[in-house]
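Trainee: no sequence for this one, just the structure:
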């Protein structure tokens, strides 16, 4: 059992994901991470996850990282198609909780990715 708070767990995961994303995609990853919460706010979680998967590359990196985090929190599949199918079958409170968790994790990712990018330059 982890002694870390949920916020610490989010920060730890986002820190590791930011490092991986920056190594693979440099500042484009950071820019995408910064814009992702607004994109979800405007379009919705499932639409954005479909967009990230369709675009591939750095976008899919972000999508797979978010799916992996949500898998750990809610047990949703990491695989894109199974993830989408699972979300389509969720009741409203669970879907809203998953969306809220996405925002909470992305809040950490966008801040920590910027901080890590600052370290790299």
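Mentor: Arrived safely, thanks for sending. All values reported here derive from a predicted model rather than from experimental measurement. Residues are numbered from 1 along each chain as shown.

Trainee: just so I have it, where are all the helices in this structure?
Mentor: For the chain, the helices defined by DSSP state H occupy 6-25, 27-43, 45-55, 57-74, 80-88, 92-120.

Trainee: distance of residue 19 from residue 117?
Mentor: 10 Å (Cβ to Cβ, to the nearest Å). Quick note: C-beta positions are derived from backbone N, CA and C, even for glycine.

Trainee: between the two, which one's more packed in?
Mentor: residue 117 (18 against 15; other Cβ atoms under 10 Å).

Trainee: please name the residues that touch the more buried one.
Mentor: Contact partners of residue 117, counting by Cβ atoms under 8 Å, 6 or more residues apart in numbering, are 22, 27, 30.

Trainee: may I ask which of these has the most neighbours?
Mentor: Neighbour max across the contacts of residue 117 (other Cβ under 10 Å) = residue 30, 24 neighbours.

Trainee: wait, that one sits on residue 23?
Mentor: No. Contact criterion Cβ atoms under 8 Å: residue 30 and residue 23 do not qualify, at 11.8 Å.

Trainee: how close does the nearest residue to residue 45 once chain neighbours are set aside sit to residue 42?
Mentor: Of all residues not flanking residue 45 in the chain, residue 99 sits nearest, at 4.7 Å (Cβ to Cβ, 6 or more residues apart in numbering). Residue 99 is 13 Å from residue 42, where distance means Cβ to Cβ.

Trainee: so which of these two has more stuff around it?
Mentor: Between residue 99 and residue 42, residue 99 has the larger neighbour count (other Cβ under 10 Å), namely 18 against 9.

Trainee: pLDDT at the more buried one, what is it?
Mentor: The per-residue pLDDT reported for residue 99 equals 98.

Trainee: what about it, distance to residue 65?
Mentor: Distance from residue 99 to residue 65, counting by Cβ to Cβ: 16 Å.

Trainee: low-scoring stretches of the chain, by residue?
Mentor: 1-2, 119-121 (pLDDT under 70).

Trainee: can you count the residues close to residue 50?
Mentor: Around residue 50 there are 15 residues (other Cβ under 10 Å).
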